[in-house]
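S.K.: return a 3D structure for these sequence lines:
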Amino acid sequence: MLETKRKFRRFDLPLGVKFKPTYGAKDYFTGVATNLSCEGLGLNADDFKFIMYENLELIIGLPGSEGPVSLFGDILWKRQSGKRCSAGIEFRMKDKSMQEDAIGKIFSCSNIPVHDMYSIDPDYIIYKETKKIPEKHIEVTNKLGFIKQYNKDRTKCKVTFRLLWETAKNSQTVTIAGDFNNWELYKSPMTRLQNGDFVITFDLDCGRSYRFRYLIDGHRWENDLYADRFVRNDYGFKDSVVIV
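M.R.: Residues are numbered from 1 along each chain as shown. Next comes the predicted model:
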């Protein structure tokens, strides 16, 4: 048994949710929210394959005639039983005031007083069962780093690179340069998400490593804090490395 302390109470509010990954998806999928708190929610959906640590846009329907609210969050865990898929979502938005307003509106429309959102007992504990997975089946991925999706014969890997808004700050443009695009500085512009992160996806050959760096606003170089490793280049600086 694994003990985890939670600051916020959870409420079983079966609210309808439209959702989609914030990059690479045009259409929304539908699901139902469960176990909602100020930190996040559980999400149940049919015929959808959640990807660990992927960022989702969430449009949550509210009781009554109120319009929906929009939130963003990262997938922290996932489970599948037949066609039914479940995931745990941690809210993550650049504008914390907008996040708090959206959550407050959800609880207000559900007739839950604000003070009830917090645990009365500071040592409030939820017990959660954990299942040990054989090491050979574990896919190591950083929560805020790369998302690696291998094809069946593991000859190709779709790698999504993600520069966090905390690093990009108020940048207008970010490009990525590396071994996979011959280090051409402006060949691969990254897409800016609504939460301020920048992302881009490449299909890479497996069984090798690739050096890369991010170029911000055409003049500032940054490494990926969640790179698989770092190596020194010919100019005395370090390059980020992704291994597939």
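S.K.: can you find the helix or strand in the chain with the smallest mean pLDDT?
M.R.: Least confident helix or strand, the chain: strand 125-128 with a mean of 34, by mean pLDDT, DSSP states H and E.
S.K.: which residues does the helix or strand R79 falls within contact?
M.R.: For R79, the element it lies in under DSSP states H and E is strand 69-81. Under the criterion C-beta atoms under 8 Å, 6 or more residues apart in numbering, residues 22, 40-41, 49-60, 62, 85-93, 99, 102-103, 105-106, 143-144, 194-195 lie in contact with strand 69-81. Backbone N, C-alpha and C define where each C-beta goes, glycine included.
S.K.: inside helices: which ones of those residues?
M.R.: Q99, A102, I103, K105, I106 (DSSP state H).
S.K.: a markdown table please, covering those residues and showing pLDDT, distance to Y235 and neighbour count.
M.R.: Formatted as a markdown table, the ones in helices among the contacts of strand 69-81 follow (pLDDT from 0 to 100; distance: C-beta to C-beta, whole Å; neighbours: other C-beta atoms under 10 Å):
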| residue | pLDDT | distance to Y235 | neighbour count |
| --- | --- | --- | --- |
| Q99 | 87 | 40 | 20 |
| A102 | 89 | 45 | 19 |
| I103 | 88 | 46 | 23 |
| K105 | 87 | 51 | 16 |
| I106 | 87 | 50 | 26 |
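S.K.: would you turn these into JSON lines with distance to C157?
M.R.: Written out in JSON lines, the entries for the ones in helices among the contacts of strand 69-81 read as follows (distance: C-beta to C-beta, whole Å):
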{"residue": "Q99", "distance to C157": "33"}
{"residue": "A102", "distance to C157": "35"}
{"residue": "I103", "distance to C157": "36"}
{"residue": "K105", "distance to C157": "40"}
{"residue": "I106", "distance to C157": "38"}
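S.K.: any idea how the chain splits into domains?
M.R.: For the chain, the structural domains run 2-128, 137-243, going by automatic domain parsing.
S.K.: who does the strand holding R79 pair up with?
M.R.: strand 55-60 (antiparallel), strand 84-91 (antiparallel) (DSSP bridges).
S.K.: list the buried ones in that strand?
M.R.: Neighbour-count burial for strand 69-81 flags V69, L71, F72, G73, D74, I75, K78 (criterion: 16 or more other C-beta atoms under 10 Å).
S.K.: please apply the same query to stretch 222-231.
M.R.: Residues of stretch 222-231 classed as buried by neighbour count (16+ other C-beta under 10 Å): N223, D224, Y226, A227, D228.
S.K.: can you list the residues that contact it?
M.R.: Residues outside stretch 222-231 that contact it (C-beta under 8 Å, 6+ apart) are 142, 144-146, 161, 163-164, 167, 209, 211-214, 216, 238-243.
S.K.: all helices for the protein, in order.
M.R.: Under DSSP H, the chain gives helices at 96-109, 165-168.
S.K.: grab the nearest non-local neighbour of L163.
M.R.: F198 (4.4 Å; C-beta to C-beta, 6 or more residues apart in numbering).
S.K.: pretty sure F198 contacts T175?
M.R.: No. In this structure, F198 is not within contact of T175 by C-beta atoms under 8 Å, at 9.2 Å.
S.K.: name the residues contacting each of those two.
M.R.: Common neighbours of F198 and T175, using C-beta under 8 Å, 6+ apart, are M190, Y214.
S.K.: neighbour count for those two, which is higher?
M.R.: Shown here are F198 and T175; by other C-beta atoms under 10 Å, F198 has more neighbours (24 against 20).
S.K.: now do the contacts for that one.
M.R.: Contacts of F198 by C-beta under 8 Å, 6+ apart are R162, L163, A168, S171, V174, M190, T191, R192, Y214.
S.K.: farthest pair within the residues you listed?
M.R.: Farthest pair in the contacts of F198 (C-beta to C-beta) is R162 and S171. Separation: 14.0 Å.
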